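Asks: Just need the structure, nothing else, for what follows:
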Amino acid sequence: MISEVTEGTPGHRGGLLVGDSLMSINGTVPLDVIEYQQLTDGARVDLVIKRPGAPLDRRISISKDPGEPLGVRVDSAVFDRIRTCDNHCEFCFIYQLPKGMRRSLYLKDDDYRLSFLYGNFTTLTRFTELDAERVITERLSPLYVSIHASDPDLRAAMLRNPRGATSLKWLDVLLAEGIEVHGQIVLCPGVNDGEHLERTLGDALDRFAALASVAVVPLGISDHSNEPGMRAHQTEEAERVLDLVDRFGDASQALLGSRRIYASDEYYLLANRPIPELSHYEGLTQVENGIGMIRVFDTEARTGIAQAVGGESGFFQAVDGAPPWGYRAPRSALSSPRIGEVPVLLSGAYGARVLRPLLDDLGRSDVEIVTVANKFFGGNISVAGLMTAGDVSDAILEHGGHGRYVLPDVCLHEGRFLDGAGVTDLPVDVEIIETSGVALRSLLELSPARAGV
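Replies: Below you'll find the model as predicted:
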């Protein structure tokens, strides 16, 4: 269904309306927005549409310049059915969600199309020869693949799916055909770390040497997990992970001319080690996966200049008609800039650890930080993006409920928190700012420091 029509575009001139359903394009029923874009790329587009309230389908022909976008957006990226995940990973965070949340939050996808469009990670366990042919022929690149372990038996055990033992053959195929692939390893203490991680990283230098990057990230464990074998990392374990990742990153740099192998920022926080400089992360190709995100934020706040990263993972922006979806859906309306009262920043435990030394270095020890304890999820969940309205409300009330409270938009999704409440459900008015160092610096510049502080 068409959800947006841009004025003055071929689609608008051709009479397309919001609410129209596209039944076929040039005689073909497209399966997804990728095929839609290809079918609408030419100089003539013949559409069959169903208009609400009209008894018959309508035929519309649109003439335009070749390559010119049609100028409409559709309401879904996949028109047939999202390919759901049939793995049962014991570390999967969806299994750790409490009951009663929005239905969409419980959707597990393992669809290579969403990997291409939005940067979602796929295990390739539902990947087929036809999928491989399409990816290679249409150059659907980059893709994002969850590796976890290169040992076949261990990977199958972790995914609780026998196809986990063989599905990395598709990674071999894609890399051999020049498809850009970024990998991730979700590390579970006592499961795929230690010698298993060493083997997997060794394969990243050999069998999978064409990988564009590999991110090693810790599992998130909530109080709602029913998996007794899953637990959070200890400090000494985080230190060992960093040492191993550094060793293989150095080897990759020496052998292949690129570091490629990185540990997530969370490991540095767990190990109480400084975050590497920007140059360590080369193109910052997995910044959205927590690889160098803190260093980018810190640099932006100090300079006021947005840092160039290696492209957002997922390229729905470049595919005409694709809607923002999932965590890429609009977050919330930002507050109008205010001048005056010193702000009180609301953040998760990890964010507070990053913000305090940064603010002190910027000469803003007068700015308070209210740490929002994550009682909703519990466990080791400490990131700002998973704050909920209930926990934010508790933190505000415990602080006293008096202040110019400022909330990062990363915890909002179409104006709502994960627990379903909205910003207006909080006990006091809060300001919403973009989650970036540039936005923080602008906020501070509009709020002069208190005299004598």
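Asks: which ones are touching residue 369?
Replies: Listed by CB atoms under 8 Å, 6 or more residues apart in numbering, the contact partners of residue 369 are 344-345, 347, 352, 355-356, 359. Backbone N, C-alpha and C define where each C-beta goes, glycine included.
Asks: Rebuild these as a markdown table, extending it with neighbour count.
Replies: Output for the contacts of residue 369, formatted as a markdown table (neighbours: other CB atoms under 10 Å):
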| residue | neighbour count |
| --- | --- |
| 344 | 19 |
| 345 | 23 |
| 347 | 26 |
| 352 | 17 |
| 355 | 21 |
| 356 | 17 |
| 359 | 19 |
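Asks: farthest pair in those residues?
Replies: 344 and 356 (13.1 Å; CB to CB).
Asks: can the contacts of residue 369 go into JSON lines with extra columns for pLDDT and distance to residue 16?
Replies: Listed next are these as JSON lines, based on pLDDT from 0 to 100; distance: CB to CB, whole Å:
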{"residue": "344", "pLDDT": "97", "distance to residue 16": "47"}
{"residue": "345", "pLDDT": "98", "distance to residue 16": "45"}
{"residue": "347", "pLDDT": "98", "distance to residue 16": "44"}
{"residue": "352", "pLDDT": "96", "distance to residue 16": "48"}
{"residue": "355", "pLDDT": "97", "distance to residue 16": "47"}
{"residue": "356", "pLDDT": "97", "distance to residue 16": "52"}
{"residue": "359", "pLDDT": "97", "distance to residue 16": "50"}
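Asks: Make JSON lines from those and add secondary structure to it.
Replies: Listed next are the contacts of residue 369 as JSON lines, based on DSSP: H, G, I helix; E, B strand; the rest coil:
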{"residue": "344", "secondary structure": "strand"}
{"residue": "345", "secondary structure": "strand"}
{"residue": "347", "secondary structure": "strand"}
{"residue": "352", "secondary structure": "helix"}
{"residue": "355", "secondary structure": "helix"}
{"residue": "356", "secondary structure": "helix"}
{"residue": "359", "secondary structure": "helix"}
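Asks: Among these, which one lies nearest to residue 296?
Replies: Nearest to residue 296 out of these is residue 355 (CB to CB; 14.3 Å).
Asks: Pretty sure the closest one sits against residue 347.
Replies: Yes: when contacts are counted by CB atoms under 8 Å, residue 355 is listed as touching residue 347 (6.1 Å).
Asks: three-state assignment of the residue nearest the centre of the chain?
Replies: In the chain, the residue lying closest to the centroid (CA atoms, centre = their mean) is residue 288, at 5.4 Å. Of the three states, residue 288 takes helix according to three-state DSSP.
Asks: That concludes my questions; thank you for your assistance.
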